[in-house]
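In: Could you work out the structure for the sequence below:
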Amino acid sequence: MPVTPNGPAPRWRRIVFKPSGEALAGPTGNGLDSATLDNTARDIIELRQGMDVDVAVVVGGGNFWRGRTGELAGMDATQSDHIGMLGTVMNALALQDSLERLGQPTRVQSAIEMPRIAEAYIRRRAVRHLEKGRVVIFAAGTGNPFFTTDTAAALRAAEIDAEALLKGTHSGVDGVYDADPQTHPDARKYDEIGYMEVMTKDLRVMDTTAIAFCRDNKIPIVVFDMSTHGSLRAILQGEHVGTIIH
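Out: Prediction:
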């Protein structure tokens with residue numbers, strides 16, 4: 001296997017990392033947890049600076065707002081989703097702060113223009129940032145209601161020619177199972193599974209639109225527990241961590 005100065009060559013040279021918003025909140029699942037943010041930043045820096053991997057991040061916003069929650073309470077669905085997009089911007093700025101305090105140059109690009117706090121999303125500029133060694137954090141989803149941040153991650157992965165999408169989960173769920181492992185102790189974990197099988201079995205690990213998009217663009221998805229330190233590096237080193245969908 002080819003090697004870099006710091007060990008084996010990475011499995012993929014450019015990735016999109018998709019942490020859930022709840023995962024950034026730490027044990028509570030709400031708001032933000034500084035220790036979790038710093039640990040996540042260190043894991044990202046291990047890839048960027050230690051393995052020379054281009055890293056883009058698409059953040060969720062569920063720690064602040066779940067779009068459908070507002071709709072169920074009687075709120076207009078589009079308005080609810082727009083609030084959720086703003087939650088992802090808060091997470092992006094918090095993660096940017098953690099990364100830059102640890103010495104990693106970073107840019108936030110938002111699908112909704114807010115020039116005082118983030119760049120507008122421009123694909124060519126994002127790619128150029130990656131080429132210069134910066135971590136790019138994509139906020140505000142796709143900028144459209146009714147599309148999840150999972151779909152945003154799949155879209156950005158295709159746009160920037162990422163070789164894989166790494167979806168970080170929380171609450172100890174470390175991959176794709178045939179049933180919810182938190183309510184079914186006998187649930188079976190998949191080491192590998194096909195895109196179509198995930199969709200036909202309705203395994204709900206990601207938005208089906210995102211899975212279909214990755215299938216059509218031949219982008220593998222790795223689902224893993226991001227609370228385990230070193231998981232990102234282990235995945236890039238080719239170890240069997242989580243579940244790979246391909």
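
In: For residue 168, pull up the helix or strand it's in.
Out: strand 164-169 (DSSP states H and E).

In: Which helix runs longest in the protein?
Out: Assignment by DSSP state H gives helix 77-101 as the longest helix of the chain.

In: I'd like the average pLDDT over the next helix or strand after it.
Out: With elements assigned by DSSP H and E, the helix or strand that comes after helix 77-101 is strand 106-110. For strand 106-110, the mean per-residue pLDDT is 98.

In: For strand 106-110, which helices and strands make contact with it?
Out: Applying 3 or more Cβ pairs under 8 Å, 6 or more residues apart in numbering; DSSP states H and E, one finds that strand 106-110 contacts helix 77-101, strand 119-120, helix 123-131, strand 135-139. For the C-beta atoms, the positions are set from N, CA and C on the backbone; glycine is no exception.

In: Next, the closest residue to residue 49 other than its chain neighbours: phi, psi?
Out: Leaving out its chain neighbours, the residue that sits closest to residue 49 by Cβ to Cβ, 6 or more residues apart in numbering is residue 104, at 7.0 Å. The phi and psi values for residue 104, taken as degrees, to the nearest 10, are phi -100, psi 110.

In: so residue 104 touches residue 47, yeah?
Out: No: using Cβ atoms under 8 Å, residue 104 is not in contact with residue 47, being 10.4 Å away.

In: More neighbours: which of these two?
Out: Comparing residue 104 with residue 47 by neighbour count (other Cβ atoms under 10 Å), the higher total belongs to residue 47, at 22 against 19.

In: before we move on, back to that, tell me the helices and strands packed up against the longest helix of the chain.
Out: When contacts are defined as 3+ Cβ pairs under 8 Å, 6+ apart, helix 77-101 sits against helix 34-45, helix 67-72, strand 106-110, strand 135-139.

In: which stretch among those comes nearest residue 93?
Out: Of all the helices and strands packed on helix 77-101, it is strand 106-110 that lies closest to residue 93, at 6.3 Å by Cβ to Cβ.

In: which neighbours does that closest one have in its sheet, and in what orientation?
Out: strand 119-120 (parallel), strand 135-139 (parallel) (DSSP bridges).

In: Buried deepest among the helices and strands packed on strand 106-110, which one?
Out: A comparison of the helices and strands packed on strand 106-110 by mean neighbour count, using mean count of other Cβ atoms under 10 Å, puts strand 135-139 on top with a mean of 28.

In: Quick check: residue 134 touching residue 109?
Out: No: between residue 134 and residue 109 there is no contact under Cβ under 8 Å: 10.7 Å.

In: Burial check on the closest residue in space to residue 97 that isn't next to it in sequence, number of neighbours?
Out: By the measure of Cβ to Cβ, 6+ apart, the closest residue to residue 97 outside its immediate chain neighbours is residue 37, 7.9 Å from it. Neighbourhood size, residue 37 [other Cβ under 10 Å]: 22.

In: With residue 23 instead?
Out: When neighbours are counted by other Cβ under 10 Å, residue 23 registers 24.

In: For it, list the residues it contacts.
Out: By Cβ atoms under 8 Å, 6 or more residues apart in numbering, the residues touching residue 23 are 36, 40, 168-170, 226-227.

In: cutoff 10 Å now
Out: Residues near residue 23 by Cβ atoms under 10 Å, 6 or more residues apart in numbering: 29, 33, 36, 40, 59-60, 62-63, 91, 168-171, 225-227.

In: How about residue 205?
Out: Taking Cβ under 10 Å, 6+ apart, we find residue 205 in contact with 150, 167, 169, 173, 175-177, 190, 193, 198, 211, 221, 223, 243, 245.
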